[in-house]
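Student: Have a look; sequence and predicted model below, questions after that.
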Amino acid sequence: MESLVLRSFPAPPVLSAGRKNWRGDYSTKFCFPTQVSGSRERDILGGDYIRCHVTNIKEKLALSQKRNREWIVNAASGQPLESGPGSFNSGHSWDSVKHSVDAFYRFSRPHTVIGTALSIISVSLLAVQKLSDISPLFFTGLLEAIIAALFMNIYIVGLNQISDIDIDKVNKPYLPLASGEYTVGTGVMIVTSFSIMSFWLGWIVGSWPLFWALFISFLLGTAYSINLPMLRWKRSAVVAAMCILAVRAVIVQLAFFLHMQTHVYKRPPVFSRPLIFATAFMSFFSVVIALFKDIPDIDGDKIFGIRSFTVRLGQERVFWICISLLEMAYGVAILVGSVSSCLWSKVLTVLGHALLGSLLWSRAKSIDLRSKASITSFYMFIWKLFYAEYLLIPLVR
């Protein structure tokens, strides 16, 4: 009987070390003695052929049982049944969303976004003359101005990153374009979209002070960054500082105040004492930001020929010029507050500016100018002082 079974399987025509099955895998290897003959050879070939098929069947059964166990475990734990490599992974998708949000957060330069929002809120409050002015009309006008300005802010900082990819690889490698997280096409799409949305919102609101603030900011931000003949004004230290001063000190204070005063409240334009103080003080602060932002970027600016004041004069000298300008501004603010006819305004503005000036001096004495991390940290501290000033400006009377 055994011989009949063995003879019923023909011997393979070619002896090989493996055979490919329907899954593309190789079956178990087998080899034969080099010298066999007659019926013994047929017995060996037939027996090995049977064992080969039995082995494949066992492997398939084991694989099937393993998959069944996986499906049972997944079903019991509430996970999808498709748990293989190509299946949907909700955890991975959530990580991808978080990464995208983080990349856009860094692309938007959040310290400038916060500064823009706070400055508009602060200046808008200067137009409030009585408690009843703080109404839904006020908040609607404020929200229109903030959203349109933030869209334009993202356009300006985004365009600067597109123009400075090579420099940022040295100075700010964590930015999405410099790190390769964003392509140039992605950056162009973002800045184009936000500039269009900003102008669209400014137009439908119908406020000419708001629209002109957006338009002038667009022109100066483009001229500051874009690498075209007669443009890329950031290459000149003086012109770059004037661009930042014009936007941060003049346009923000005057245009957004007039937006609330003339468009929202329908009152004639009036340049009040607090508005003049805010414009003058922020002129000092804008020059400081324009100078200080280049201190931690000295390496990349030297390599790519950006003749900033830091490159020309050195980090230490520019640093102490910035500290001196800010301390002078705080001194003037204390004098302005001291002559106020309103007692609560006098107390708050004098004490507030004295405290900020003291904090600045104390922090400046402890900085390590040889450490880029220390300089960058101090630069962000300057922005915090900038935020704090906008909390004090509405108190000036």
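Tutor: Thanks, I have it. Residues are numbered from 1 along each chain as shown.
Student: in the stretch 251-397 of the chain, which spans are strands?
Tutor: With DSSP state E, counting those that start in this stretch, there are no strands along the stretch 251-397 of the chain.
Student: which ones are touching W203?
Tutor: Neighbouring residues of W203 by CB atoms under 8 Å, 6 or more residues apart in numbering: F211. In this view, the C-beta of every residue, glycine as well, is placed from N, C-alpha and C.
Student: how far out from the middle of the chain is the helix or strand encompassing it?
Tutor: W203 belongs to helix 184-205 when assigned by DSSP states H and E. Distance of helix 184-205 from the chain centroid (CA atoms, centre = their mean, to the nearest Å) equals 17 Å.
Student: what packs against the helix or strand following it?
Tutor: On the C-terminal side of helix 184-205, the closest following helix or strand by DSSP H and E is helix 208-225. Secondary-structure packing of helix 208-225 (3 or more CB pairs under 8 Å, 6 or more residues apart in numbering; DSSP states H and E): helix 136-163, helix 184-205, helix 237-245, helix 256-258.
Student: elements contacting the first one?
Tutor: On a contact count with 3+ CB pairs under 8 Å, 6+ apart, helix 136-163 meets helix 90-107, helix 110-125, helix 176-179, helix 184-205, helix 208-225.
Student: can you give me the offset of the last one from its chain's centre?
Tutor: Yep, that's helix 208-225 we're talking about. For helix 208-225, the separation from the chain centroid amounts to 22 Å (computed by CA atoms, centre = their mean).
Student: That helix versus helix 237-245: what angle between them?
Tutor: Counting by axes from the mean of the first three to the mean of the last three CA atoms, to 10 degrees, helix 208-225 lies at 150 degrees to helix 237-245.
Student: Report the mean per-residue pLDDT for helix 208-225.
Tutor: For helix 208-225, the mean pLDDT works out to 96.
Student: Need the residues that contact it.
Tutor: Residues contacting helix 208-225 (CB under 8 Å, 6+ apart): 144-145, 148-149, 152, 155-156, 159-160, 162-164, 195, 198-199, 202-203, 205, 231-234, 240, 243, 246-247, 251-252, 255-256, 258-259, 262-263.
Student: ok, and the closest non-adjacent residue to I375?
Tutor: Once flanking residues are discounted, I375 sits nearest to P296: 4.5 Å by CB to CB, 6 or more residues apart in numbering.
Student: Pretty sure the one you found sits against S371.
Tutor: No - using CB atoms under 8 Å as the test, P296 is too far from S371 to be in contact (9.7 Å).
Student: The two - which one has more neighbours?
Tutor: The neighbour comparison of P296 against S371 (other CB atoms under 10 Å) goes to P296, with 21 against 12.
Student: where does that one fall, phi/psi-wise?
Tutor: Backbone torsions of P296, given as degrees, to the nearest 10, read phi -70, psi -10.
Student: Please read off the pLDDT at it from the model.
Tutor: 88.
Student: gap between it and S217?
Tutor: 25 Å (CB to CB, to the nearest Å).
Student: do the same with L359
Tutor: 30 Å.
Student: just D297 next, same as before
Tutor: The value you get for D297 to S217, if CB to CB is used, is 22 Å.
Student: contacting residues for the residue nearest to I375?
Tutor: Counting by CB under 8 Å, 6+ apart, P296 has contacts N171, K372, I375, T376, Y379.
Student: Look up the pLDDT of A75 for me, please.
Tutor: 44.
Student: ugh, wrong one, I meant F304
Tutor: Per-residue pLDDT puts F304 at 82.
Student: likewise I244?
Tutor: Among the per-residue scores, I244 shows a pLDDT of 89.
Student: The closest residue to it other than its chain neighbours - how many residues pack around it?
Tutor: Computed as CB to CB, 6+ apart, the closest residue to I244 that is not its neighbour in sequence is A290, at 4.2 Å. A290 sits with 22 neighbouring residues when counted by other CB under 10 Å.
Student: So A290 versus F138, what's the distance?
Tutor: Distance of A290 to F138, computed by CB to CB: 32 Å.
Student: Same list, the helices and strands packed on helix 136-163, but as JSON lines with distance to K302 please.
Tutor: Shown next, in JSON lines, are the helices and strands packed on helix 136-163 (distance: least, CB to CB, whole Å):
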{"stretch": "helix 90-107", "distance to K302": "24"}
{"stretch": "helix 110-125", "distance to K302": "24"}
{"stretch": "helix 176-179", "distance to K302": "17"}
{"stretch": "helix 184-205", "distance to K302": "24"}
{"stretch": "helix 208-225", "distance to K302": "19"}
